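Novice: Have a look at this prediction, sequence included:
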Amino acid sequence: MFDTSASNPFTIRNHSLCHNGEPVAFARSPNQSATFAPRGIILHDTAGRLDNGSAVRWFLKPDAKASAHLTIERDGTVTQQVAFNRCAWHAGKSSYKGKSGVNAFAFGIEMVNLGKCAKMRDGSFQPWFKGDYRDGTDGLHFAFAATRAHGKGWWLDYTPAQIRTLVAICQTLIARYDLSFIAGHFEIAAGRKIDPNPLFPLDSLRASLLGERQDDATGPTLLTDANLRRWPSYADNVIKVIGKGAAVDVIRSGTFKPLGHPEVWHLVATGDQQGWINGTLIDMD
């Protein structure tokens, strides 16, 4: 659990973040849109180089087609790139509690981190972009971790300064916009994203900042017992039977014609498996 009783230096004025009364650095990204009704916060890793400003510069490029409201550097400094009353493009194809298009209802906060790394024969750690990083050098610390959502790998820890800044900012956003959830990118884009990495204390952050306020709605549930299928058809492709009332996470939906007429099917995640279920069997409310 985090100590949330310390004085918070962050405030919000005109949908901009301020630190000790002064606006934080603002580098406006062109990758944003107007429609936005915030309900929560999505946390991300930049999965890029660690030098200050690298991710911020990337989000300034129209070709990136991506942005975040805030980026927190390794030293705890923060840059805003999208005002808090506008939609940043951070989540991509995503779903939270059965509602797709998470960009439209969640703030995006990026934490500068390497992403998954491989340990090389010389003891160095190499991320996807072939950099050369070493444990104990420049305050870097790596650890091996394996989870169902992230897979196996070596991961760079987050700095105390990053965590302090993140906790204080999340407190401020929750209070100002009456938010109900904090989620990792990997939770809203299952199988597609693995950030933040497994060293990040996500559950402790949620418990400390939201407690019982954390949105624990079950989302879509099954109206009856249903076959979880490998693809949307009635062929012999059943993975297993899911019981009535079970909660499922809808990853994406589509219209198919397994019997010659259009039917809506949903690709869902339940437990540690994914599969297709006919749309008439799921309560989406």
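Specialist: Okay, I see it.
Novice: quick one: low-confidence ranges for the stretch 51-200 of the chain?
Specialist: For the stretch 51-200 of the chain, no stretch is flagged by pLDDT under 70.
Novice: Contacts only, for Leu223.
Specialist: Leu223 is in contact with Lys244, Thr280, Leu281, Ile282, Asp283, counting by CB atoms under 8 Å, 6 or more residues apart in numbering. The C-beta positions use only the backbone N, C-alpha and C, and glycine is treated the same way.
Novice: for the last one, which residues make a bridge with it?
Specialist: Beta-bridge partners recorded for Asp283 (DSSP bridges): Thr221.
Novice: Which of the helices or strands spans Ile239?
Specialist: strand 238-242 (DSSP states H and E).
Novice: Can you tell me which residue is spatially central in this structure?
Specialist: Centroid-nearest residue in the chain: His185, 1.8 Å away (criterion: CA atoms, centre = their mean).
Novice: Three-state assignment for Leu173, please.
Specialist: At Leu173 the chain is in helix, as set by DSSP: H, G, I helix; E, B strand; the rest coil.
Novice: can you tell me how far it sits from Leu210?
Specialist: Distance of Leu173 to Leu210, computed by CB to CB, to the nearest Å: 11 Å.
Novice: ok, those two, which is more surrounded?
Specialist: Leu173 (24 against 19; other CB atoms under 10 Å).
Novice: What helices and strands are in contact with the helix or strand encompassing Leu43?
Specialist: Here Leu43, judged by DSSP H and E, is contained in strand 40-45. Secondary-structure packing of strand 40-45 (3 or more CB pairs under 8 Å, 6 or more residues apart in numbering; DSSP states H and E): strand 106-111, helix 160-177, strand 181-184, helix 185-188.
Novice: Give me the contacts around that strand.
Specialist: 68, 90-91, 96, 102, 105-115, 166, 170, 173-174, 179-185, 188, 195-197, 200, 202, 215.
Novice: Name the strands paired with that strand and say parallel or antiparallel.
Specialist: strand 106-111 (parallel), strand 181-184 (parallel).
Novice: Looking at the ones you listed, which one is packed in the most?
Specialist: strand 106-111 (a mean of 26; mean count of other CB atoms under 10 Å).
Novice: Now do the nearest residue to His141 once chain neighbours are set aside: how many residues are near it, please.
Specialist: Leaving aside its chain neighbours, His141 sits nearest to Asp157 (4.5 Å; criterion: CB to CB, 6 or more residues apart in numbering). Asp157 has 17 neighbours, counted by other CB under 10 Å.
Novice: Next up, the contacts around Asp157.
Specialist: Asp157 touches Leu140, His141, Phe142, Ala143, Leu199, counting by CB under 8 Å, 6+ apart.
Novice: Return the backbone torsion pair for it.
Specialist: phi -70, psi 160 (degrees, to the nearest 10).
Novice: roughly how far apart are it and Pro127?
Specialist: 14 Å.
Novice: Tell me the buried residues in the helix or strand just after the strand holding Leu43?
Specialist: Tracing the chain past strand 40-45, the next element assigned as helix or strand by DSSP H and E is helix 54-59. For helix 54-59, the neighbour count (16 or more other CB atoms under 10 Å) marks Ala55, Val56, Trp58, Phe59 as buried.
Novice: re earlier: and the average pLDDT for the helix or strand just after the strand holding Ile239 is what?
Specialist: The helix or strand immediately downstream of strand 238-242 is strand 249-256, counting by DSSP H and E. Averaged over strand 249-256, pLDDT sits at 84.
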